[in-house]
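[1] predicted model and sequence below, questions to follow.
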Amino acid sequence: MRLALSAEWTKLRTVPGPGWLLLAAAAVTVTLSAAAAGAMSCPNGQLDCVVDAARVSLTGIQLGQAVIAVLAVLVIGEEYGTGLIRTTLTAMPGRLTVLAAKAVTLTGLVLVAGAVGVVGSLVAGRIALPLPFSLTDASTLRAGAGSVLYLALIGLLSLGLATALRDSALSIGVVLSLLYLFPILALVIRDPRWVRRIEQAAPSSAGLAVQATRNLTSLPIGPWAGLGVLALWAGGALLLGGLLLRWRDA
């Protein structure tokens, strides 16, 4: 496993793409979050007009996740595209070990970039929002830490699907559909029961519940339970990808 981790780390750090994508993920997260916070206003000088200040400050996660998804897909998708996967599996015959090393390396990098993006977003929100909120409050810390974990799970979900599909463009399309199609459906469906079910089961809708710091009892799913739903999606994708990687020819 140590050699596999070293090999995957060498691959990621010796090509420019992953580094730029990680920087882009952090940058777009902070930029969109700052824009969302700056767009909020309190009419008539009200001090309690923002429904959830911390969640508004973390709006950028909804765009940053797309960049993380693309990065995760390319971690293995590019190897299938160029044929390098054959060399990788020849040098390291343990296929599940290779996938595990990719998952660990990717997760570590996403956690770092996600932490930078989340901290920057919360600080920007604290400065820009008309309603002050504490950065050290337990609910804010949970929202921030949960958002970092959310991005890591999105990366694992994308890696698993890319391993199963073996095509970068197709994998990116499938992952982005999973992340953004369900929330759109929830907006157009009129039956509140189906809307609630979608928000409880969809990977992004459920996972992003971890950002909520107010009115938790009215949520379709609890913060940690929602993150657990996303973890199930990620685990299922990795399991499927791992089984197909082991059974199919490279």
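    That came in fine, so what should we check first?
[2] now residue 184. Its backbone dihedrals?
    Taking degrees, to the nearest 10, you get phi -70, psi -40 for the backbone angles of residue 184.
[3] one more: residue 178?
    Main-chain torsions, residue 178, degrees, to the nearest 10: phi -60, psi -40.
[4] next, count neighbours for it.
    19 (other CB atoms under 10 Å). Every residue, glycine included, has its C-beta placed from N, CA and C.
[5] tell me the contacts of the residue nearest to it when sequence neighbours are not counted?
    Nearest non-adjacent residue to residue 178, counting by CB to CB, 6 or more residues apart in numbering: residue 203, 5.7 Å away. Contacts for residue 203 were tallied using CB atoms under 8 Å, 6 or more residues apart in numbering; they are 154, 157, 178, 179, 182, 229, 230, 233, 234.
[6] tell me, how many residues neighbour the fifth one?
    Other residues near residue 182 come to 17 when the count uses other CB under 10 Å.
[7] was I right about it contacting residue 198?
    Yes - counting by CB atoms under 8 Å, residue 182 touches residue 198, with 5.5 Å between them.
[8] what is in contact with the two at once?
    In contact with both residue 182 and residue 198: residue 205, using CB under 8 Å, 6+ apart.
[9] could I get the full set of strands for this protein?
    Read by DSSP state E, the chain holds no strands at all.
[10] just give me the longest helix of it.
    helix 95-128 (DSSP state H).
[11] helices and strands around that helix, which ones?
    Applying 3 or more CB pairs under 8 Å, 6 or more residues apart in numbering; DSSP states H and E, one finds that helix 95-128 contacts helix 2-13, helix 16-39, helix 53-57, helix 61-82, helix 84-91, helix 138-165, helix 223-247.
[12] ok, and for it, which residues are buried?
    The neighbour-count check on helix 95-128 (16 or more other CB atoms under 10 Å) flags 95, 98-103, 105-107, 109-110, 113-118, 120-122, 124-126, 128 as buried.
[13] how about stretch 75-90?
    For stretch 75-90, by 16+ other CB under 10 Å, it's 75, 76, 77, 78, 79, 80, 85, 88, 89.
[14] return the residues in contact with the residue most central in space within the chain.
    Among the residues of the chain, residue 151 comes closest to the average C-alpha position under CA atoms, centre = their mean, at 2.6 Å. Contact partners of residue 151, counting by CB under 8 Å, 6+ apart, are 25, 61, 64, 65, 68, 110, 111, 113, 114, 117.
[15] and which of the residues you listed is nearest to residue 189?
    residue 65 (22.4 Å; CB to CB).
[16] against residue 113, how distant is that closest one?
    Separation of residue 65 from residue 113 (CB to CB, to the nearest Å): 12 Å.
[17] check residue 14 too.
    18 Å.
[18] what do you get for residue 144?
    Residue 144 is 14 Å from residue 113, by CB to CB.
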